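Student: Structure for this input, please:
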Amino acid sequence: MFETDPSSPFLDGALLIASPAIGDPRFEGSVIFLCTHSDQGAMGLVLNRTAQGIEFPDLAEQLKLPRIVRNPEVPVLIGGPVEPSRGFVLHSSDYALDRATLRVNDDFAMTGNVDVLRDLARGRGPRRAMLALGHSSWGPGQLEQELKDCAWLTTEASREIVFATQPELMWSACLSRLGIEPGMLHAAAGRA
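Tutor: A predicted model of the protein is given here:
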């Protein structure tokens, strides 16, 4: 199992890649960025489910954000089934709002405050960002059990995978990083 910090059993900043054994149609073929993971549970954002028909400029207008200075390329995603009306911005670590930003690691941060959207609209936000509507979460021990049950594979998150890979190619790109061909995976996964 991949670990972001060899001294920690937690996977903050890792990518979860759904295996065919996931058993939950909401997550089939998903890639999830883990924002937090501790003995209290975990929270992450699905990176490869585009919100159909929703564009950042349209959301900016609905939220009455300042007029967009530049048209930022901010993909709008379905981050998960929990709190689907709430937005979370996964972004590069070059930006932070005082107490509203969670610094995940040297490359990634997450902000769940509308001020990041205002800054993006004004051209003062992070260099790279994506907006996720909703999130995915696990209670204490739940993700660990799903990992034992082979529902997820893990790999290190990279800026290239997160910010530069098309959502429809992300799952197979993550598997390729692990040296796995998608056709090699079977729903009846086992353990050695």
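
Student: Return the lowest-mean-pLDDT helix or strand in the chain as PDB; C-alpha atoms alone will do.
Tutor: When the helices and strands of the chain are scored by mean pLDDT, DSSP states H and E, helix 56-62 comes last with a mean of 81. Coordinates of each C-alpha in helix 56-62 appear next as PDB, following Å, rounded to 0.1, in the frame of the first residue of the first chain:
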ATOM      1  CA  PHE A  56     -17.000  28.000 -13.700                       C
ATOM      2  CA  PRO A  57     -18.100  31.300 -15.300                       C
ATOM      3  CA  ASP A  58     -21.800  30.200 -14.900                       C
ATOM      4  CA  LEU A  59     -21.200  29.400 -11.200                       C
ATOM      5  CA  ALA A  60     -19.400  32.700 -10.700                       C
ATOM      6  CA  GLU A  61     -22.400  34.500 -12.100                       C
ATOM      7  CA  GLN A  62     -24.900  32.600  -9.900                       C
END
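
Student: which parts of that helix are buried?
Tutor: Buried residues in helix 56-62, counted by 16 or more other Cβ atoms under 10 Å: 56, 59-60. Every C-beta, even on glycine, is put in place using the N, C-alpha and C of the backbone.

Student: Select the longest helix from this protein.
Tutor: helix 167-177 (DSSP state H).

Student: residues in contact with that helix?
Tutor: Helix 167-177 is contacted by residues 15, 17-18, 29-31, 47-50, 75, 77, 153, 155, 161, 165, 181-182, 185 when judged by Cβ atoms under 8 Å, 6 or more residues apart in numbering.

Student: go with 7 Å
Tutor: Identification of contacts with helix 167-177 by Cβ atoms under 7 Å, 6 or more residues apart in numbering yields 15, 17, 29, 31, 47-50, 155, 161, 165, 182.

Student: try stretch 122-136
Tutor: 32, 43-46, 51, 56, 66, 69-70, 74-84, 86-92, 94-95, 116, 119-120, 163.

Student: Near M130, how many residues? Count them for me, please.
Tutor: M130 has 21 neighbours, counted by other Cβ atoms under 10 Å.

Student: before we move on, what about R99?
Tutor: 7.

Student: Give me the residue ranges of this protein where confidence is low.
Tutor: 1-8, 67-72, 186-192 (pLDDT under 70).

Student: do that again at 90, thanks
Tutor: 1-9, 20-21, 23, 53-73, 98-99, 118, 120-125, 181-192 (pLDDT under 90).

Student: so where do the strands sit in it?
Tutor: Listed in chain order, the strands found in the chain under DSSP state E are 14-18, 31-38, 41-46, 76-78, 82-92, 101-103, 108-111, 129-138, 152-156.

Student: if you compare these, which one is most tucked away?
Tutor: Each of the strands of the chain was scored by mean neighbour count; the highest is strand 14-18, a mean of 25, by mean count of other Cβ atoms under 10 Å.

Student: Alright, that wraps it up for me.
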